[in-house]
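J.: Sequence first, predicted coordinates after that:
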Amino acid sequence: MSSNTTSSASGHEEKAYPVFPWFGIDIGGTLVKLVYFEPLDLTADEIRSEGEILMNIRRYLTSNRAYGEDGVRDDELELSNIELGGRRGTLHFIRFPTSKMMNFIDMCVMRNLHTLTFQIFATGGGAYKFEKDIVDKLQISWCKCDELDTLMKGLCYISKLNSKECFYYEEPQNDANPNKHPFVFDIKHPFLLVNIGSGISILHVESESSYRRITGTSIGGGTFLGLCCLLTGCSSYDEAIQLASEGDSNKVDKLVKDIYGGDYERFGLPGHIVASSFGHMNSLEKREQASKADLARATLVTVLNNIGSISMMCAQTENVDRVLFSGSFLRINEVSMRILAYAMDYWSRGKIKAIFLEHEGYFSAVGCLRQFIMDTNNDDTDLTNSTQK
Ligand SMILES: Nc1ncnc2c1ncn2[C@@H]1O[C@H](COP(=O)(O)OP(=O)(O)O)[C@@H](O)[C@H]1O
Ligand SMILES: CC(C)(COP(=O)(O)O)[C@@H](O)C(=O)NCCC(=O)O
């Protein structure tokens, strides 16, 4: 594996660092998540030997927030002045649609990345699907990692680095102030991790190094977006979420009280809960009354009810009291987090807590970067040494 060495002022050779650039990439079913470590402690020697191509890439990535029509740098998520693999710098979070992966490869060739020798650790289904195109066109060393292993690695790393990473809602139903608080997360106790990507994987996590995938469901973030596009004619996730936040799902769903006239007391089903998702939509009159926003909201609530009940069953079976939700489905999606938080609290009678994460969908990409540092630096110690200043 390739690595650089730096020299101290006394001329002694110091620790070897992996060759820059340092990336981690997760090529998912919907989105590519790219994390880039920008070194801020480059020595004069390193700047001299960096070369024009690398310098241009560094400047291009860090000075823009949008790349072409589809690439976005989530600058509000950036982690600055962190230590990684013995170096100090900033971690940048970039995403673009997986459907544009081939354009991304062509852009890398245009920017002459194929003339450099470096290594990238990659995960997600696309690490396999696009491997041949990437290796043929870019001629980089492409190291594939498992997406759930890297999800765990990234989660452990970021939650230690950032004390505000995990949070919960104390009053999820309070529209004026749902009371969002940081959650002090202790990874040593077992918990459930529900990753809501295109589809959903549910993991039982015992510790940093020990987890198992309990189950999954195909009704995930991709289902919400796909059905929303079909039902409302919207064409982006941001638009779908905006619509959903304005709608009323009760115009679309049939509630217990629509059937019972009130609660179904014998089995503890309150009148306000959904008895039948989209159950009103067999009526022409109700269809005419439902707006696009109502349909978007009902789609969201349908997907969330399914996620909530599967997560709850898994948490009870596994006997855990914390459920962490990750995945880009929760991006700009406070409405869903609050619905999930309320549902978990209500159905568990306050026993099970829903916890959310600021870097939602980026953990597997971060896990790749971690793995890259550990493998090329032979270093597995800086998980505990890393700090954000
Ligand atoms: N800009 C976006 N474009 C498309 N989907 C998005 C976007 N932002 C958030 N999402 C939501 O995130 C889901 C993908 O989540 P992610 O964790 O990235 O999964 P994957 O790894 O399968 O791509 C989508 O199905 C959609 O619900
Ligand atoms: C196949 C996947 C792991 C891919 O991950 P994703 O790109 O959706 O994040 C995920 O979509 C999944 O677990 N789907 C559910 C499959 C099932 O258990 O039914």
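T.: Arrived safely. Numbers count the residues shown, from 1 in each chain. Ligands and ions are numbered 1, 2, ... in the order given.

J.: Please count neighbours and contacts with C-alpha atoms only from this point.
T.: OK.

J.: Tell me how many other residues surround Leu193.
T.: By other Cα atoms under 10 Å, the residues close to Leu193 number 24.

J.: can you tell me the helix or strand for it?
T.: Using DSSP states H and E, Leu193 sits in strand 191-196.

J.: Compute the mean per-residue pLDDT across that strand, please.
T.: Taken as a whole, strand 191-196 has an average pLDDT of 98.

J.: now stretch 311-324
T.: 97.

J.: can you list contacts of that stretch?
T.: With contact meaning Cα atoms under 8 Å, 6 or more residues apart in numbering, stretch 311-324 is reached by 190-194, 202, 204, 214, 344, 347-348, 351-357.

J.: Next up, the contacts around the residue of the stretch 201-350 of the chain found nearest ligand 2.
T.: Among the residues of the stretch 201-350 of the chain, Gly216 lies nearest to ligand 2; the distance is 3.3 Å by Cα to the nearest ligand atom. The neighbourhood of Gly216, defined by Cα under 8 Å, 6+ apart, consists of 199-202.

J.: Compare those residues and tell me which is most surrounded.
T.: Neighbour counts for the contacts of Gly216, by other Cα under 10 Å, peak at Ile202, which reaches 25 neighbours.

J.: As PDB, could you dump the C-alpha coordinates of the one helix or strand Lys153 maps to?
T.: Following DSSP H and E, one finds Lys153 within helix 147-161. In PDB, the C-alpha atoms belonging to helix 147-161 read as follows (Å, rounded to 0.1, in the frame of the first residue of the first chain):
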ATOM      1  CA  GLU A 147     -21.900  -1.400   3.600                       C
ATOM      2  CA  LEU A 148     -23.100  -2.500   7.000                       C
ATOM      3  CA  ASP A 149     -19.500  -2.900   8.400                       C
ATOM      4  CA  THR A 150     -18.700   0.600   7.200                       C
ATOM      5  CA  LEU A 151     -22.000   1.900   8.500                       C
ATOM      6  CA  MET A 152     -21.000   0.700  12.000                       C
ATOM      7  CA  LYS A 153     -17.500   2.000  11.700                       C
ATOM      8  CA  GLY A 154     -18.600   5.400  10.500                       C
ATOM      9  CA  LEU A 155     -21.300   5.600  13.200                       C
ATOM     10  CA  CYS A 156     -18.800   4.800  16.000                       C
ATOM     11  CA  TYR A 157     -16.300   7.200  14.600                       C
ATOM     12  CA  ILE A 158     -18.600  10.200  14.100                       C
ATOM     13  CA  SER A 159     -20.500   9.700  17.300                       C
ATOM     14  CA  LYS A 160     -17.300   9.900  19.300                       C
ATOM     15  CA  LEU A 161     -16.000  12.800  17.300                       C
END
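
J.: so how far is that helix off the chain centroid?
T.: Chain-centre distance of helix 147-161: 11 Å, with Cα atoms, centre = their mean, to the nearest Å.

J.: Neighbours of Ser207, how many?
T.: There are 15 residues near Ser207, going by other Cα under 10 Å.

J.: Flag every residue of this protein that's near ligand 2.
T.: Selection of the chain residues close to ligand 2 by Cα under 6 Å from any ligand atom yields 28-29, 197-201, 215-218.

J.: domains for the protein, by residue range?
T.: According to the TED database, the chain comprises the domains 22-156+364-384, 166-236+293-357.

J.: do the shortest one and ligand 1 meet?
T.: Yes. For domain 166-236+293-357, a contact with ligand 1 is found by Cα under 6 Å from any ligand atom, at 196-198, 221-222, 225, 327-329, 331.

J.: What subset of those residues is buried?
T.: Among the residues of domain 166-236+293-357 next to ligand 1, those buried by neighbour count (16 or more other Cα atoms under 10 Å) are 196-198, 221-222, 225, 327-329, 331.

J.: What about the residues you listed, which are in helices?
T.: Taking DSSP state H, the ones among those that sit in helices are 221-222, 225.

J.: mind putting the residues you listed in JSON lines, pLDDT included?
T.: Below are these laid out as JSON lines (pLDDT from 0 to 100):
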{"residue": "Gly221", "pLDDT": "98"}
{"residue": "Gly222", "pLDDT": "98"}
{"residue": "Leu225", "pLDDT": "98"}
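
J.: will you turn those into JSON lines that also has distance to Ala244?
T.: Listed next are these as JSON lines, based on distance: Cα to Cα, whole Å:
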{"residue": "Gly221", "distance to Ala244": "14"}
{"residue": "Gly222", "distance to Ala244": "15"}
{"residue": "Leu225", "distance to Ala244": "11"}
